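Quick check, what structure comes out for this input:
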Amino acid sequence: MTHVKSPTLRCLFLLVLFCSTGLYAQSLQQELPLAFGIEVKNPLKQQRDNVMVFIPESEILKQNVAFNPNAFVVVDGKAEIPSQYNRRDAAHKGIVLVLDQMKAGEARKLTVQFKKDGTLARQYPKRTQAELSHKVGGTFQNRKYIGGTFQNVDSLRVPDEHTDHSNFIRYEGPGWESDKVGYRFYLDWRNGTDVFGKKTQDVVLQRVGQDGFDSYHEEADWGMDVLKVGKSLGVGTLALFHEGQANRVAETDSMISVISENGDVYSSIRTNYYGWKVAGLEMDLHSLLSIHAGSRLTHHQVQVQGASPQNLSTGLNKDAKAKRYASKGSKDQWGYLASYGEQSLNNDQLGIAVLFRPTDLIAFTEDANSHVVQLKPTGGQLEYYYLAAWELEPEGIKTEEQFMQYLEQTARELANPVLVKVSGGKTGRARAAKEL
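Model (predicted):
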């Protein structure tokens with residue numbers, strides 16, 4: 001921050017600042033003459049940080065303002081807020097932005113300014129990423145991919161020859177990250193979710209697995225794989241609990257994974273599993289994983305078709321060095337299943353958790369490898385969140401007490417989302433689209 005001690009210089013500094021911001025606002029209004037308003041309110045009596053605000057396309061269309069998603073900015077007073085327009089993510093199709101902070105009970109008025117035609121180039125700091133990279137130019141031999149080089153793709157229908165450790169997909173599946181933490185899941189019969197702990201706020205996934213197939217198991221300047229998944233649920237892996245066992249999505253007819261958004265403030269991955277066979281049932285499973293800037297949370301939205309399972313379950317890796325916590329939640333707080341302790345592959349402190357609506361809870365249980373929470377899908381749909389917090393994160397959580405404080409606050413925030421109103425529209429809590 002610039003400090004100006006002389007009264008004369010301070011007045012001159014403020015005059016320049018006023019003129020520059022005034023000129024910016026005037027220039028922006030000339031460049032983007034059309035506008036509509038957004039009101040955002042924090043219903044909690046506590047400060048919340050890195051708040052995602054979603055304005056659905058359906059609400060924008062109600063304003064009859066001929067909105068142009070290719071040429072807009074979001075403004076808070078005279079400050080421009082990094083934002084993006086989602087097109088491929090059906091659950092969050094529309095404008096997404098992230099406010100750095102909202103005070104307890106604060107209400108804030110934002111403006112979306114745009115022009116009717118053309119495009120507007122805006123570059124914001126990239127704080128999220130989603131990617132999927134596989135080899136091209138080689139061949140499968142005995143279910144191993146020989147030769148070739150990695151290439152990022154927008155989608156992949158998993159080849160029938162592919163299995164675990166085929167050396168075909170970089171770090172074995174899709175990856176997604178925020179400036180806090182990264183995740184991946186194995187795009188094969190294991191379908192387990194793993195964690196990349198980060199020592200930097202920069203996006204890093206594009207570097208992971210390039211210098212050796214599993215080099216990310218060793219600590220590097222960016223971080224490392226910090227969670228042992230094995231036969232467990234890792235963190236947040238979807239399963240069906242049957243006869244004392246959490247059964248991951250192992251047997252399917254086919255799998256297709258799509259990078260649905262790879263934005264500056266929000267990224268997501270959609271995966272369709274066709275013909276999932278488990279516990280005498282067969283169903284299609286549609287999964288949407290998303291993350292936003294400044295957050296450790298992955299939002300998992302699930303839809304099943306073709307069968308009505310009695311439960312959809314998730315959970316955490318079971319580690320003797322970590323303490324387990326569980327809460328059923330309440331009307332003011334989501335429930336959670338969590339663990340904290342010296343359970344990272346770096347032999348240091350790691351906290352992991354899944355969070356769910358209390359009304360979805362069937363039971364807490366376990367199997368040989370995992371702490372498990374059984375959840376009840378409604379109309380074939382379910383959503384939950386999961387997170388990881390590694391002590392080597394920049395300004396990271398370093399103690400059990402800090403982790404539990406963070407977890408409790410997160411559980412309250414999920415039960416009390418920010419209220420968003422588009423000018424002329426109706427106020428309501430943000431809701432996920434029913435179809436992925």
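
and stretch 249-269, how far apart are its ends?
17 Å (Cα to Cα, to the nearest Å).

Next: stretch 330-349.
End-to-end distance (Cα to Cα), stretch 330-349: 28 Å.

what mean pLDDT would you report for that stretch?
The average pLDDT for stretch 330-349 rounds to 98.

which residues does Asp225 contact?
Each residue near Asp225 by Cβ atoms under 8 Å, 6 or more residues apart in numbering is listed here: Asp194, Val195, Phe196, Gly197, Tyr216, His217, Leu345. For the C-beta atoms, the positions are set from N, CA and C on the backbone; glycine is no exception.

Quickly name whichever of the residues you listed is closest to Ala415.
Checking these against Ala415 by Cβ to Cβ gives Val195 as the nearest, at 24.8 Å.

Note down every partner strand of the helix or strand hosting the closest one and its orientation.
In this assignment (DSSP states H and E), Val195 forms part of strand 193-198. Its sheet considered, strand 193-198 pairs with strand 181-185 (antiparallel), strand 223-225 (antiparallel) by DSSP bridges.

Most neighbours among the contacts of Asp225, please name it.
Most neighbours among the contacts of Asp225, by other Cβ atoms under 10 Å: Val195, with 31 neighbours.

so Thr298 bridges to which residues?
Counting by DSSP bridges, the residues bridging with Thr298 are Tyr386.

Spit out the contact partners of it.
Trp176, Tyr183, Gly236, Leu289, Ser290, Ile291, Tyr385, Tyr386, Leu387.

residues in contact with the helix or strand harbouring the first one?
So the one you mean is Trp176. According to DSSP H and E, Trp176 maps onto strand 175-178. Contacts to strand 175-178, defined as Cβ under 8 Å, 6+ apart, come from residues 127-132, 182-184, 196, 198, 203-205, 208, 267-269, 289-296, 298.

And the helices in the stretch 301-436 of the chain, which stretches?
400-415 (DSSP state H, counting those that start in this stretch).

what about the closest residue to Arg190 other than its chain neighbours, which SS state?
Closest residue to Arg190 apart from its sequence neighbours, by Cβ to Cβ, 6 or more residues apart in numbering: Asp164 at 5.8 Å. With DSSP: H, G, I helix; E, B strand; the rest coil as the basis, Asp164 sits in coil.

pLDDT weak spots in the chain?
1-25, 212-213, 424-436 (pLDDT under 70).

what's the burial count for Val153?
15.

so which strand or helix has the residue nearest the centre of the chain?
Per Cα atoms, centre = their mean, the C-alpha nearest to the average position across the chain is that of Ile291, at 1.5 Å. For Ile291, the enclosing helix or strand under DSSP H and E is strand 281-292.

could the contacts of Asp225 go into CSV alongside distance to Leu375?
Shown next, in CSV, are these (distance: Cβ to Cβ, whole Å):
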residue, distance to Leu375
Asp194, 21
Val195, 21
Phe196, 26
Gly197, 27
Tyr216, 31
His217, 31
Leu345, 28
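
quick one: which of the residues you listed is nearest to Leu227?
Closest to Leu227, out of all of the contacts of Asp225 and judged by Cβ to Cβ, is Val195, at 4.2 Å.

how much space between the closest one and Asn272?
24 Å (Cβ to Cβ, to the nearest Å).

before we move on, what about His162?
From His162 to Asn272 the distance is 16 Å (Cβ to Cβ).

where do the helices sit along the stretch 51-200 of the chain?
Ranges of helices in the stretch 51-200 of the chain, per DSSP H, counting those that start in this stretch, are 57-61.

and Glu393, backbone torsions?
phi -60, psi 150 (degrees, to the nearest 10).

So it sits against Phe196, correct?
No. Counting by Cβ atoms under 8 Å, Glu393 does not reach Phe196; the two are 11.1 Å apart.

buried set for the strand holding Ile291?
Met283, Asp284, Leu285, His286, Ser287, Leu288, Leu289, Ser290, Ile291, His292 (16 or more other Cβ atoms under 10 Å).

That strand packs against which elements?
Judged by 3 or more Cβ pairs under 8 Å, 6 or more residues apart in numbering; DSSP states H and E, the packing partners of strand 281-292 are strand 128-131, strand 175-178, strand 181-185, strand 266-278, strand 298-305.
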